[in-house]
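Peer 1: What follows is a predicted structure for the sequence shown.
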2 protein chains.
Amino acid sequence: MKTKPHKPSVKDVAKLAGVSLGSVSRALNGVANVSPEVRDKVMQAMATLDYRLNHAARTLRSRSSHTVGCMLTDVTNPLYARLYRMFEERFRAAGYMVMLANSLNRLDWELDILSMFHSRGMDGVIIAPGFERNARVLAAIDQLGIPAVVLDRDTTARQDHVMFDHEKGVKAAVQQLVDLGHRRIALLVGAAANRPMRRRIQGWRAGLVANGIKADRSWLVRLPSATAPAGEAVQQLLALRDAPTAIVTLGTSVLADVLNTLNAAGLQVPHDVSVVSMGDPDFARSYRPAISAVIVDSEAAAEQSCQWLLQRMQGETLAAPRRVLLPVQFVDRASCAPPPSRVR
Amino acid sequence: MKTKPHKPSVKDVAKLAGVSLGSVSRALNGVANVSPEVRDKVMQAMATLDYRLNHAARTLRSRSSHTVGCMLTDVTNPLYARLYRMFEERFRAAGYMVMLANSLNRLDWELDILSMFHSRGMDGVIIAPGFERNARVLAAIDQLGIPAVVLDRDTTARQDHVMFDHEKGVKAAVQQLVDLGHRRIALLVGAAANRPMRRRIQGWRAGLVANGIKADRSWLVRLPSATAPAGEAVQQLLALRDAPTAIVTLGTSVLADVLNTLNAAGLQVPHDVSVVSMGDPDFARSYRPAISAVIVDSEAAAEQSCQWLLQRMQGETLAAPRRVLLPVQFVDRASCAPPPSRVR
DNA sequence: TTGTAAGCGTTATCAG
DNA sequence: CTGATAACGCTTACAA
């Protein structure tokens, strides 16, 4: 009747199996040179003791936590949620856990998270910093001293970058609208000063300029956040003397607000106003009319990020940081049509 | 010119500060009995060395990882995403990181995750197992030997349970519909055999029975998954000889499908068909008409879960497992109205 | 192929 | 209040 419930350790396993400590470890790690007999004895002992490896000890000794850190702005954003799920799946298959952290666009949190990734000995990180231009953030990233992939951010960090070609996608959408006869095209984006927003604006501007249209400032609406109500902004847009005949907008809740504000104003899509969503929320496809969208390939981004990070974590010492620009597609569905006849 | 970039350890800090190892540790942990002088010297040394605590070593020695595991079905579900974010925020404030894992309704993953939580020495867990009735899962939970909170699952595990009163919420919705004159009320839920689905069905049934209405099997639709297209199911419902005049449905993509199928069939909400959403997606509020919804209080759930878990992790040895049933509200908006006159 | 022993970087226990 | 010193549970040389 020992009063020591004592979690079993390698030592206990070794004793029960009648082998040495080292052999247990070797068997455990499937490492070279273990005779089948020893292996079996060890396995059996582990089973009867219900032995569980102590991960902290392994990490301390082997200097590898088999964990990758993932810093995103907010998992509540469906795109990030999907990405995270794919990361998790791929890394798990490779024997890594992923530790998620949301920075919520707060500088102090972002620095905290990075520092914590360091302290917890992440083997690598995938990050989409909200403060891509902040010197302290950049310094923190480089000081990590581990492989990193930067996701869709314009950063000067010497790391691999996986990015979306938002500019081309939005430009294609604008081009299609112009081809349909639109001249007054609005853009609804978030106020955050990050790459996706900047590039979308550039794409919009480029699309207009390429067709000899001046990009009117009043058509560019910067929402305080991607989740803020957008109804009022849309109303203001519609009240403009030169009201836009087409709207390119953020997806999810902003798109919903746009659609409903249009409805409430008695305007029909696409007859009165054409609409393009940046991002492809659940309801865009099944909405009537189906909403045309600028779509990023999240699967490709996840695949590329994981592959690159795994490569680097598994010791391939590749010199230069790499970067890839993933294509962004414009999918024309039923929400774009020629503008109403000139006079309104 | 030492070729040893050697990450600084407490030892280095101690040497530089001219104090002993123990003092550094004590200063580091803000623990009792450190003279201000020593503390300052240590702090300064840490700063100049850019010292970072090695979390693995601390975990190994102190037997606490300051990490809580969080197992959910899928963060891609907006409710779970919100919950996770709140968990993260609260636990961070208390000095814990949270490690997220999606079980994706796969038994083997679920067991893996639980075992990994064990092996990685989580101090506590919050879990919503997909296989709430599975003996192995239950065993794994109890063998964890650490505080746990079970989220919205009917489990026999001897742990704290935080649950939503789906039944009451759905029943209230049904009652409101009956009061408006509806007799044929459909329910669209997922096929998963978990508590939320079961309770919703019970609430629906109870609401009908309480009003002397027989719950017709053909009005109960079980979608293969909460993200599967639901258009066809809705069409079948509408084609029924006794087609329902009201639909209570899962939110997010299913709700979108319902709305659009109704639109496509030329039916108006709420004139021809009333609609209630279970869950409150972004677009429900701003949709025209605004969609009535059965709403869970995710904030309350997060608050309760975190508070209970923190209590237990911080050593309060409370005997019995606790459970709470959080109220679920029916919010009537504009999508419910009397059914069309008898003849259609 | 296997056993032995030396750490990994902390915290905890004791003396002083 | 501070300084030595022994763990924590594992991996990894190195010897046998």
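Peer 2: On my side now, so go ahead.
Peer 1: Do a quick rundown of the helices in chain A.
Peer 2: A:10-17, A:21-28, A:36-49, A:55-62, A:78-93, A:107-119, A:135-143, A:166-179, A:195-209, A:231-239, A:252-264, A:282-286, A:298-313 (DSSP state H).
Peer 1: Can you give me the domain assignment for chain A?
Peer 2: Using automatic domain parsing, the domains assigned to chain A come out as A:67-164+A:298-328, A:166-296+A:330-343.
Peer 1: just how off-centre is the longest one within its chain?
Peer 2: Its chain's C-alpha centre and that of domain A:166-296+A:330-343 lie 23 Å apart, by C-alpha atoms, centre = their mean, to the nearest Å.
Peer 1: what does the shortest one give?
Peer 2: Its chain's C-alpha centre lies 9 Å from the corresponding centre of domain A:67-164+A:298-328 when counted by C-alpha atoms, centre = their mean.
Peer 1: tell me, what residue is most central in chain A?
Peer 2: Closest to where the C-alpha atoms of chain A average out (C-alpha atoms, centre = their mean) is residue A:80, at 4.2 Å.
Peer 1: shouldn't that residue be in contact with residue A:72?
Peer 2: Yes - counting by C-beta atoms under 8 Å, residue A:72 is a contact partner of residue A:80 at 4.6 Å. To be clear about C-beta, it is placed using only N, CA and C from the backbone, and glycine gets the same treatment.
Peer 1: intersection of neighbour lists for these two?
Peer 2: residue A:128 (C-beta atoms under 8 Å, 6 or more residues apart in numbering or on different chains).
Peer 1: quick revisit: out of the domains of chain A, which is closest to residue B:45?
Peer 2: With respect to residue B:45, and counting by C-beta to C-beta, the nearest of the domains of chain A is domain A:67-164+A:298-328 at 17.3 Å.
Peer 1: what about the closest one, near DNA strand C?
Peer 2: No - contact between domain A:67-164+A:298-328 and DNA strand C is absent, the nearest approach being 8.4 Å (criterion: C-beta under 7 Å from any atom of the strand).
Peer 1: quick one: is that domain near chain B?
Peer 2: Yes - against chain B, domain A:67-164+A:298-328 shows contacts by C-beta under 8 Å from any C-beta of the partner chain at A:74-76, A:78, A:81-82, A:84-85, A:88, A:97, A:99-102, A:104, A:115-116, A:118-121, A:143.
Peer 1: and DNA strand D, which of those residues contact it?
Peer 2: Counting by C-beta under 7 Å from any atom of the strand, no member of the residues of domain A:67-164+A:298-328 next to chain B is near DNA strand D.
Peer 1: I only care about those that end up buried; give me the PyMOL line for that.
Peer 2: Buried members of the residues of domain A:67-164+A:298-328 next to chain B, defined by 16 or more other C-beta atoms under 10 Å in any protein chain shown, are picked up in PyMOL with:
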select buried, chain A and resi 74+75+76+78+81+82+84+85+88+97+99+100+101+102+116+118+120+121
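Peer 1: thinking again about what came up before, CSV for the domains of chain A, including mean pLDDT and distance to residue B:285?
Peer 2: Shown next, in CSV, are these (pLDDT from 0 to 100; distance: least, C-beta to C-beta, whole Å):
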stretch, mean pLDDT, distance to residue B:285
domain A:67-164+A:298-328, 96, 16
domain A:166-296+A:330-343, 94, 9
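Peer 1: With distance to residue A:50 added, can I get these in JSON lines?
Peer 2: As requested, the domains of chain A are exported to JSON lines (distance: least, C-beta to C-beta, whole Å):
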{"stretch": "domain A:67-164+A:298-328", "distance to residue A:50": "21"}
{"stretch": "domain A:166-296+A:330-343", "distance to residue A:50": "43"}
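Peer 1: right, and the ones you listed - which one's nearest residue B:248?
Peer 2: Of all these, domain A:166-296+A:330-343 comes closest under C-beta to C-beta, at 18.4 Å.
Peer 1: Double-check residue A:238 against residue A:263; I have them as touching.
Peer 2: No - using C-beta under 8 Å, residue A:238 makes no contact with residue A:263, being 11.9 Å away.
Peer 1: higher neighbour count, these two?
Peer 2: residue A:238 (17 against 14; other C-beta atoms under 10 Å in any protein chain shown).
Peer 1: Distance of residue A:340 relative to chain B?
Peer 2: 21 Å (C-beta to the nearest C-beta, to the nearest Å).
Peer 1: I figured that residue was touching residue A:270, is that so?
Peer 2: No - judged on C-beta under 8 Å, residue A:340 makes no contact with residue A:270 at a distance of 10.0 Å.
Peer 1: Need phi/psi at the closest residue to residue A:218 other than its chain neighbours.
Peer 2: Closest residue in space to residue A:218, ignoring its immediate chain neighbours: residue A:240 at 6.0 Å, by C-beta to C-beta, 6 or more residues apart in numbering or on different chains. Residue A:240 adopts backbone torsions of phi -60, psi 150, taken as degrees, to the nearest 10.
Peer 1: Residue A:240 and DNA strand D: what is the separation?
Peer 2: As judged by C-beta to the nearest atom of the strand, to the nearest Å, residue A:240 and DNA strand D stand 66 Å apart.
Peer 1: That residue: how many residues sit nearby?
Peer 2: 13.
Peer 1: what does residue A:60 give?
Peer 2: So residue A:60, with other C-beta under 10 Å, has 19 neighbours.
Peer 1: Show the contacting residues for it.
Peer 2: B:54, B:56, B:57, B:60.
Peer 1: Chain neighbours aside, what residue packs nearest to the residue in the stretch 151-300 of chain A positioned nearest to DNA strand C?
Peer 2: Taking C-beta to the nearest atom of the strand, DNA strand C has its nearest neighbour within the stretch 151-300 of chain A at residue A:159, 24.0 Å off. What sits nearest to residue A:159 in space, not counting adjacent residues and going by C-beta to C-beta, 6+ apart, is residue A:148, at 4.3 Å.
Peer 1: Can you give me the separation between that neighbour and residue A:139?
Peer 2: 13 Å (C-beta to C-beta, to the nearest Å).
Peer 1: can you check residue A:220 too?
Peer 2: Distance from residue A:220 to residue A:139, by C-beta to C-beta: 33 Å.
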